[in-house]
Structures are given as C-alpha cells and as structure tokens.
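In: Pasting a predicted model and its sequence here:
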Amino acid sequence: MPPVSIIITAHEQCDVLRRHLPAFLEQDYPADYEVIVVDMNSTDDTLPMLENLQRRNPNLHIVCLPDSARDVSPLRLALTLGIRSASNEWLVLSKADCIPASPHWLSHMISTCEARPETQIVLGQSRFVDGHGWHGLRCRFFRARQQWLHLHYAKRNGAYRCDGTNLCYRRSLFFEHRGFADHANLLAGATDIMVNHHSTARNTAVCTDPEAIILQDTPRNPDWWSRERLFFMETRRHFRHTFSYRLTYCLAAVLPWVCTLLIAAIVVLGLIYHNYIAVGLSLLVWLMYMGYITFSFNRHLKSIGEPSIIASLPLLLHLVPLWDTAAWLRWVFADKYIFKKRFI
C-alpha cells in the first residue's frame, strides 16, 4: 500500500469535525497516511479544536486559507492549498460533514487505486444519513439515483461527474492539468468539472465495496437541495464529452412518464370500448416495469446500506424530470454573476 494524503475542507464546522475527524485519523491502514484539514477562515472554535487534536495526532496537519483571494473561489483555493501541502502521490478528497463507514474505508479505496497501474482516478460512493421527513427522503433518493447512473457510466466510458466526498486522485494528474485553472472563478463544481475534464475509461476506476462508503450528514436547511440543483445547472455547462451520458440520463428520467402515460391511455381506451383484457394486460405490463426498476434500484440501495424506499419510489421517479425542469428554469432566469467568485 502506498502512503496517502486525505484532504478535508471545513468552514465553521467545529462540532462536526470533533465528531467525524477521529474516524479519519484512526483508519486501519497498513502504510503511512496523513490527514490535512484546510480551515476556510472559520470564526468559531474550529482552529483551536484542530490544534488541540493535532497535539495528540502527529498525522494531522492544518492549513489555513488566506483572508482574501482574487478571482479564485474559496473551495478551489482550499483544495489547491491542501493538495500543495500533501506529501504523497495519492490524494483522497472528502468534507468535514463526512465520516467513513468503516475503519477499512481507506484500505479499500487505495486497493482499487493500485489494482491497475494506469488508474489515476477512483470514484467512491457516499450516502446521506440522519435525514428525516420529505427533505431527507428527497436528498437520499436523489444522491443514490445520481450515483446509480454515473458510476455505471464511469465503468464503461470514464466519469461524467463525481462525488467530492469520496474521491481518490493522483497529485501528479492534478498539477499536470494546472489544477482548477480552467474554471477557477466558479463557486461550485470544483471536483465535478476536474474529473469530467480529465477522466477516461482507461484511467478511472470505481470502488463499490460496502466498507468503502462515506456517510454524510443530511443538510438541515431545506433550501440546500434547491441551491445545489441550481448551481449544478451552471456546473454542467462547463462539462465535456457529455452527449452520451445526458442521453442516458434523459431516457432514464422520462421513461417512467412515457410508460405511465402510454399505459394510462390504453387503459382509458380499453374502458371506453369495454376491452378489459387490454386493460388488465396494460396494468400488468406497468406493474412489471415498475417492479423491475424498483428491484434494480433497491438492490443498489442495499449495496450502500440505504434503507429501502419501495413505497415512495414510483412517485420519486416521476418527480425527477419535474425537479430537473424547475432547476433548469431557475438557472435560465438567474443572474449568472451569482455563480462566480467576485472581486474582493
């Protein structure tokens, strides 16, 4: 196993780091590794807490963001400083509100990195935890569905996007492509655009081991989800090689509606003309189709330890194109200046 640098960005998250950081520092990994926490100008007790924890953990390193930076988004600057401070070739990127599901998380991720010599990027899985009510269900479903689609796509074609909470990346690849220089002033989508631009089917691998999952706290603010969808609409505008994935994504989004509307039309016509055999067969076909999707999706949920959502899945699948359309319309009418870093 090679030495590894884990990079975590944090802002005003003292309590979260106090709960989660020990799990990163106590990984059962058979080689040296360091944990670099980049403090993004927190005004709470984040820095004193980190300094106190550092005295007991020599593999913990602290990097502080400068008070101001022109033209560079804070997250991109924080990641760049963390990567520059790293002393190892393999980097693992995560966030302060995340915690490994197992003490063997790092071993499984790096085992995937080392499985093939040409591997430079490894995509991991994550899921939201402690999410309650409609907001929690929506967040958990949408993340699981996104990973279900883009991880399968990455295995055959290279990554369309990634999950920035569980990502392995070669340090040399980052500097070879000048880091975030091509999109330095964007506020969101740092790791998504980076992986999209540099990933190929040859240099990208996917780690699906159940012990290699990252658990992330569900954001408590209900507006977080809408804001993430809005900013992703701007992020994807900067993606490359997107046609085949977007075609697959659109087909997966609209197919439940097409099937439901078609079956509904046949059922209505069957009732009008008293053709009850056609009505019965149509309903059977719809049930078989939804049953197949439900079985496949819940198998993915089970693989990442997510509770089953069989009862609400048909409704959620039909809401996806409506959510995407609403996010796209908000992006169309939004002031595009909000997506970029402002001069300070």
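Out: All right, it came through fine.

In: And the residue nearest to residue 312 when sequence neighbours are not counted, which helix or strand is it part of?
Out: Nearest residue to residue 312 in three dimensions, chain neighbours excluded: residue 137, at 6.6 Å (C-beta to C-beta, 6 or more residues apart in numbering). Placement of C-beta: from N, CA and C, glycine included. For residue 137, the enclosing helix or strand under DSSP states H and E is helix 133-157.

In: Can you tell me the strand partners of the helix or strand following that helix and which way each runs?
Out: From helix 133-157 onward toward the C-terminus, using DSSP H and E, the following helix or strand is strand 167-170. Using DSSP bridges, the strands paired with strand 167-170 in its sheet are strand 90-95 (antiparallel), strand 121-123 (antiparallel).

In: which other residues reach strand 167-170?
Out: Identification of contacts with strand 167-170 by C-beta atoms under 8 Å, 6 or more residues apart in numbering yields 89-94, 109-110, 112-113, 120-124, 191, 194-195, 207.

In: May I see the buried residues of stretch 206-219?
Out: The neighbour-count check on stretch 206-219 (16 or more other C-beta atoms under 10 Å) flags 206-209, 212-219 as buried.

In: and these, which two are the farthest apart?
Out: The span of the buried residues of stretch 206-219, defined through C-beta to C-beta, is set by 209 and 219 at 26.1 Å.

In: what ranges do the helices span in this protein?
Out: In chain order, the chain shows helices spanning 14-25, 46-56, 74-85, 105-114, 133-157, 171-176, 190-198, 223-235, 243-272, 276-303, 313-333, with DSSP state H as the criterion.

In: For residue 36, find the nearest of the ones you listed.
Out: Closest approach to residue 36 among the helices of the chain (C-beta to C-beta): helix 74-85, 5.0 Å.

In: got the angle for the closest one vs helix 190-198?
Out: Helix 74-85 and helix 190-198 meet at an angle of 70 degrees, taking axes from the mean of the first three to the mean of the last three C-alpha atoms, to 10 degrees as the criterion.

In: tell me what helix 74-85 is packed against?
Out: Helices and strands touching helix 74-85, as assessed by 3 or more C-beta pairs under 8 Å, 6 or more residues apart in numbering; DSSP states H and E, comprise strand 4-10, strand 33-39, strand 60-64, helix 190-198.

In: Kindly reformat these as TSV containing mean pLDDT and distance to residue 235.
Out: Listed next are the helices and strands packed on helix 74-85 as TSV, based on pLDDT from 0 to 100; distance: least, C-beta to C-beta, whole Å:
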stretch	mean pLDDT	distance to residue 235
strand 4-10	94	17
strand 33-39	93	21
strand 60-64	91	25
helix 190-198	92	6
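
In: and among the ones you listed, the most buried is which?
Out: strand 4-10 (a mean of 24; mean count of other C-beta atoms under 10 Å).

In: List of residues touching that strand?
Out: For strand 4-10, the external contacting residues (C-beta under 8 Å, 6+ apart) are 16-17, 21, 24, 29, 31-40, 42, 46, 75, 78-79, 82-83, 86-88, 90-96, 98, 106, 110, 171.
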